[in-house]
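J.: structure of the sequence below:
(one chain, ligands or ions: 2)
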Amino acid sequence: MTSFKPLVFSGVQPTGNLHLGNYLGAIRKFVDLQESNDCIYCVVDLHAITAQLVHGDLGAQTRSITAAFLASGIDPKKHIVFNQARVPQHAELAWIFNCVARIGWMNRMTQFKDKAGKDRENASLGLLAYPSLMAADILVYRATHVPVGDDQKQHLELTRDIAAKFNNDFSEKIGELGVGVEMQVGDETVNGFFPMTEPLIDGPITRVMSLRDGTKKMSKSDPSDLSRINLTDDADTISKKIKKAKTDPEPLPSDIEGLKGRPEAENLVGIYAALAGTTREQVIADFGGQQFSVFKPALADLAVDKLAPIATEMRKLEADPAYIDSVLRDGGERAGAIAEATMKTVKQIVGLLDN
Ligand code: AMP
Ligand code: TRP
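T.: Numbers count the residues shown, from 1 in each chain. Ligands and ions are numbered 1, 2, ... in the order given. Coordinates of the predicted model:
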C-alpha cells in the first residue's frame, strides 16, 4: 500500500501590506513547518485579480510578499517559493475543478459573500470560482497539509469536497491506470488520486483581531492603520500602535476563563503568547492581575524584538528585485516540474488527449 507523501503547501495573496494577522496566522507557521517537512509556498497573484482586476503594481506587491517570506526565515533553497502565474498548471487544473465543483458549493462560501457584497451579479466570475483555483493550487502538488488562518477553513473543506468528488467520479479510470493511492476517509479505506488535505489552523491565536475593535478581524482593508501592525512598520510605530490599542479598564484576569467577554484583552494575550512561542495560560500566569499599563509595554517590547528585524530585512531584500525574481524563477521551475507531472496524469484520467 502506498500513501501520500507529507507535503505542506500554502499561499498568500499579493494585495496590500502584510500584517500581524498574516504573520501569526500563516507565515510564522510556514517558517516552523519547514524544519521537518517539504514545503511549497506560493504568492497567489492569479487570486489577486479576482476581487480587483487592475492593480497599481502587482509585480511589486508580489515581490514584497516574497521578501516577507524570506525575511521571516523561509529557506527558498530547501523549499519552494514562487508565484502562481509562473506555473500554468494551476489554472489548467482549476478549469477541470470548475467542472467538478457545483455552483451551489461556491455560492455558499462566506468569503465570496463578504467580498461580493450586495451586488453579487456584478462580482467577477473569477471571484466565484476562487476556491476552485485554491483547490488546484494545493492539489496540483497533491499536498497533504495546509497552514492557514481560521478564515480559510471553509475553503479547505471545499478542497476536500472537490478531491473526493474527483476521486469518486473517476474511480474506475484511476483504478485502471493504477495511479490511485490508498487513504483512510472516516472508517473507509478508499483509493484516490487526490489526498484529503488537512488544514493546520491551531496555535495560541488562529484569528488576530483589530487593535481598535476586538470583535473585528485584523485586516488589510481596515481604513484605520492603527487597527493593525504591518510587517513593514518600524520599531516606534509598532510600539505606538500597541500602546494605543483599545482595552477595557480592568486588570488582566488571573485565569484564562476570565478572558471570556473581553475580546481586546483576549486578543492581546493571544498575540503575546504567539510571539513569545508560549501558551495563553503561561501569559496569564505571568501577567494575571496586572494592569494594561504594565502588560502593554511588555507586549510592545516583545513585538518590536520579533517584528522589527523582519521589517529591516524586508527593506534590504526589496532593494534587490533582481534577486527576488531569481528566487521566484527558480521556485517556479521546480514547482512546474511537479505540477506538470500531476497534470499529465489528470489528463489521462479525464481522457483529454495530450500526446
Ligand atoms: P490573505 O492575505 O487573505 O491572502 O491571507 C494570508 C493568510 O493570512 C491566510 O492563511 C489567512 O488565513 C491569514 N490571515 C489573514 N488575516 C488573518 C488574521 N486576522 N488572523 C489570522 N490569520 C489571518
Ligand atoms: N485564499 C487564501 C487567502 O485568502 C490564499 C490562498 C490561495 C491559499 N491559494 C491557497 C492558501 C492555497 C492556502 C492554500 O488567504
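J.: for the rest of this, base every contact and every neighbour count on C-alpha atoms.
T.: Noted.
J.: contacting residues around stretch 150-157?
T.: Contact with stretch 150-157 is made by 25, 109, 110, 131, 134, 135, 197, 198, 199, 201, 206, 207, as judged by Cα atoms under 8 Å, 6 or more residues apart in numbering.
J.: list the buried ones in that stretch?
T.: By neighbour count, with 16 or more other Cα atoms under 10 Å as the criterion, the buried positions of stretch 150-157 are 150, 152, 155, 156, 157.
J.: just to revisit the earlier point, from the contacts of stretch 150-157, which would you call buried?
T.: Among those, those buried by neighbour count (16+ other Cα under 10 Å) are 25, 109, 131, 134, 135, 197, 198, 199, 201, 206, 207.
J.: contacts with ligand 2 among those residues, please.
T.: When Cα under 6 Å from any ligand atom is applied, the members of those adjacent to ligand 2 are residue 134.
J.: adding distance to ligand 1, pLDDT and secondary structure, write the buried ones among the contacts of stretch 150-157 out as TSV.
T.: TSV is the format used below for the buried ones among the contacts of stretch 150-157 (distance: Cα to the nearest ligand atom, whole Å; pLDDT from 0 to 100; DSSP: H, G, I helix; E, B strand; the rest coil):
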residue	distance to ligand 1	pLDDT	secondary structure
25	3	93	helix
109	14	98	coil
131	12	98	helix
134	11	98	helix
135	14	98	helix
197	15	97	coil
198	14	96	strand
199	10	96	strand
201	9	95	coil
206	5	90	coil
207	4	95	coil
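J.: up against ligand 1, what does the stretch 51-200 of the chain have?
T.: By Cα under 6 Å from any ligand atom, the part of the stretch 51-200 of the chain that sits against ligand 1 consists of 148, 149, 150, 151, 152.
J.: 5 Å instead?
T.: With Cα under 5 Å from any ligand atom as the criterion, the stretch 51-200 of the chain comes near ligand 1 at residues 148, 149.
J.: any chance you could map the strands in the stretch 51-200 of the chain?
T.: In order along the chain, the stretch 51-200 of the chain carries the following strands (DSSP state E, counting those that start in this stretch): 80-83, 145-147, 181-185, 188-192, 198-200.
J.: is the first one anywhere near ligand 2?
T.: Read it as strand 80-83. No - contact of strand 80-83 with ligand 2 (Cα under 5 Å from any ligand atom) is absent, the minimum separation being 10.8 Å.
J.: spatially central residue for the protein, please.
T.: Residue closest to the average C-alpha location in the chain (Cα atoms, centre = their mean): residue 148, at 4.0 Å.
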